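> Build me a model:
(2 chains)
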Amino acid sequence: QKEVEQNSGPLSVPEGAIASLNCTYSDRGSQSFFWYRQYSGKSPELIMFIYSNGDKEDGRFTAQLNKASQYVSLLIRDSQPSDSATYLCAVEGRSGYALNFGKGTSLLVTP
Amino acid sequence: ETGVTQSPTHLIKTRGQQVTLRCSSQSGHNTVSWYQQALGQGPQFIFQYYREEENGRGNFPPRFSGLQFPNYSSELNVNALELDDSALYLCASSLAIGTNYGYTFGSGTRLTVV
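You can find the predicted model right below:
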């Protein structure tokens, strides 16, 4: 079992809709969770991080964490074509300093 | 405030050769991590340096080695290159050890081994 799992997609949503990206992780002891956005050929860019159960909102983005279910999600409201990218879920590894990344979910927002 | 810079941006090497990739960390960041991202995959942790010492290592063979300098810049060296080493190599800096400090990624070096 991979440590961090994401549906590779592509996930296609119309402009203005809510995009929902999901991630599960295997290490119950993980404490820190991150969402990165990566445009094709570019490096990952941090969007959100979350440490506590519940929701965390930042502009159009909401991260949701459920440690009991070992599940973290990212909601993007009012999706724009510029949101089209690969979204990487990253979870703190057992070491406490390395990030374990999922393969990423490709999001396509259609005009 | 400058970001994380990596050089070169692209590189083509022949199997069996050696390569050195360079990274200048963001101002004020004393911790540098290196990740390898193969096509269609998420980044994989190679190792981390903190104040010039290797702080931890992922599941990579010894032919992957690194250095961190007093100014906190860093090098990744790969010996005896293999075709599977073709990937995007990402350097990430942070204020200190621990993922909760957050990582700032550089733009990466695209290595192609032929």
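> CA atoms for contacts and neighbours, from now on please.
OK.
> Where does the prediction get shaky in chain A?
Applying pLDDT under 70 to chain A flags the ranges A:1.
> How about the residues of it by chain B?
Within reach of chain B by Cα under 8 Å from any Cα of the partner chain, chain A has these residues: A:32, A:42-46, A:88, A:92, A:95-104.
> Would you check how far apart A:Ser40 and chain B are?
10 Å (Cα to the nearest Cα, to the nearest Å).
> picking that back up, which of the residues of chain A next to chain B are buried?
Buried subset of those (neighbour count, 16 or more other Cα atoms under 10 Å in any protein chain shown): A:32, A:43-46, A:88, A:92, A:96-104.
> which residues does the most centrally placed residue in chain B bridge with?
Nearest residue to the geometric centre of chain B (Cα atoms, centre = their mean): B:Trp34, 3.1 Å. B:Trp34 has the following beta-bridge partners by DSSP bridges: B:Phe47, B:Cys91.
> thought it was touching B:Glu54?
No - counting by Cα atoms under 8 Å, B:Trp34 stays clear of B:Glu54, with 11.2 Å between them.
> got any residues that touch both of those two?
B:47-48 (Cα atoms under 8 Å, 6 or more residues apart in numbering or on different chains).
> which residues does the residue nearest to the centre of chain B contact?
Counting by Cα under 8 Å, 6+ apart, B:Trp34 touches B:45-48, B:76, B:89-92.
> how does it look with 7 Å?
Contacts here follow Cα atoms under 7 Å, 6 or more residues apart in numbering or on different chains; on that basis B:Trp34 touches B:45-48, B:90-92.
> For residue 12, list each beta-bridge partner.
If you meant another chain, say so; for now it's chain A. Beta-bridge partners of A:Ser12, as defined by DSSP bridges: A:Leu108.
> my question was about chain B
Residues in a beta bridge with B:Ile12, per DSSP bridges, are B:Thr112.
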